[in-house]
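[1] next input, structure requested:
(one chain, ligands or ions: 1)
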Amino acid sequence: MTDAYAVFGNPIAHSKSPLIHAAFARQTGQDIVYSALPAPLDGFVEAVAVFRRQGGCGANVTVPFKEQAYALATRLSPRAQAAGAVNTFRFESDDLYGDNTDGAGLVQDLTANLGLDLAGKRILLMGAGGAARGVILPLLERQPDGVFIANRTASKAVGLAQVMGAGKSLSAGGYADLSGQFDLVINATAASLAGDLPPLPEAIFAPDALAYDMMYGKDTPFLSFARERGVRTADGLGMLVEQAAEAFLLWRGVRPETAPVIQLLRGV
Ligand code: NDP
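    Okay, the predicted model is just below:
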């Protein structure tokens, strides 16, 4: 029997996850079907329960349900525990196992696809929401010189850094607190969705810096700002495919090749 998986979000119609997982399944010979399922804003728990009762084997979870998914899981991976958010469920006979593959996806994209060695780098992470939270520890594991979390609401960034173990390698504040230059600037805010640019200092980028926007699918004010200053840029499509590959590995025990799927989505 074909194993069923799904992604839950609201909205969800735009999701590229069905395309990505269908490509992984073809490539690895796995017999699965993967659908994008809408869940009402007040009906996430019920939607997951129905899918599980109908024989679903696992699911991805996206905006705005990752925190609810964390609360719903009965067993958590260490990285989901640390992130305080779940983007991948595996339905087990006795447990609803929750994992978070976003951070691993970002780090894999930065290191394997974009060729960046994070050790010793100065990293600026903009944003203190769910996406930022999930990537802090995976970034710190790569031994950067430091990670500074900057957020519009500075107190939220400071609180997040405290929870994640603020110290020599991790600090936080508002955009007005930024000083010096960064080798890697990651936009994990929702500013791009509104066509906004966080208020970055003019000289924020170190020579040979990379500007990374987690958003994908359209050019963003942040990436334009970086390009106009001669800085190398990348969008979040690679992260999307890499976090999906990590979920596929958890479900099927096989890691798909991501490069051809990234190429497929870029239409090249
Ligand atoms: P949240 O809503 O949890 O967080 C939003 C963050 O953006 C907050 O820190 C908020 O600041 C900040 N923000 C919102 N508007 C502005 C603005 N105009 N100027 C400056 N800061 C702003 O969102 P998520 O963390 O879930 O998602 C953030 C982004 O990451 C989205 O674009 C999402 O699509 C993308 N993403 C991409 C993934 C991928 O695989 N490529 C995976 C996950 C997310 P404040 O606290 O002050 O409100």
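[2] ok, longest helix in this structure?
    helix 237-252 (DSSP state H).
[3] how far away is the residue lying closest to residue 131 once chain neighbours are set aside from the ligand?
    Nearest residue to residue 131, sequence neighbours excluded (C-beta to C-beta, 6 or more residues apart in numbering): residue 188, at 4.4 Å. Yep, even glycine has a C-beta here, placed from its N, CA and C like the rest. Plainly put, residue 188 is 5 Å away from the ligand if you go by C-beta to the nearest ligand atom, to the nearest Å.
[4] same check, this time on residue 122
    Relative to the ligand, and taking C-beta to the nearest ligand atom, residue 122 is found at 20 Å.
[5] same deal with residue 94?
    Per C-beta to the nearest ligand atom, residue 94 is found 29 Å from the ligand.
[6] on that earlier part again, quick one: contacts of the longest helix of the chain?
    Contacting residues not belonging to helix 237-252 are listed as 3, 5, 16-17, 20-21, 24, 28, 30, 32, 57-58, 60, 87-88, 90, 99, 101-102, 104-106, 108-109, 112-114, 214, 216-217, 254-256, 258, 261-262, 265-266 [C-beta atoms under 8 Å, 6 or more residues apart in numbering].
[7] next one: stretch 156-174
    Here stretch 156-174 makes contact (C-beta under 8 Å, 6+ apart) with 82, 84, 128, 132-133, 136-137, 140, 144-154.
[8] now with 6 Å, please.
    The contact list for stretch 156-174 (C-beta atoms under 6 Å, 6 or more residues apart in numbering) reads 128, 136, 146, 147, 148, 149, 151, 154.
[9] can you give me the first-to-last residue distance of it?
    9 Å (C-alpha to C-alpha, to the nearest Å).
[10] ditto for stretch 226-239
    19 Å.
[11] phi, psi for the closest residue to residue 256 other than its chain neighbours please.
    Once flanking residues are discounted, residue 256 sits nearest to residue 24: 4.0 Å by C-beta to C-beta, 6+ apart. Main-chain dihedrals, residue 24, degrees, to the nearest 10: phi -60, psi -40.
[12] so how many other residues sit close to residue 24?
    If you count neighbours by other C-beta atoms under 10 Å, residue 24 ends up with 26.
[13] same check on the one 5 residues further on?
    Counted with other C-beta under 10 Å, the neighbours of residue 29 add up to 7.
[14] look up how far residue 198 lies from it.
    Distance from residue 29 to residue 198, counting by C-beta to C-beta, to the nearest Å: 44 Å.
[15] tell me, how many residues neighbour the closest residue to the ligand within the chain?
    In the chain, the residue that lies nearest the ligand is residue 129 (2.0 Å; C-beta to the nearest ligand atom). Applying other C-beta under 10 Å, we find 16 other residues in the vicinity of residue 129.
[16] cool, the one 10 residues further on as well?
    As a burial measure, the neighbour count of residue 139 was computed by other C-beta under 10 Å and equals 22.
[17] wait, is it part of a strand?
    No - assigned with DSSP: H, G, I helix; E, B strand; the rest coil, residue 139 falls outside any strand and is helix.
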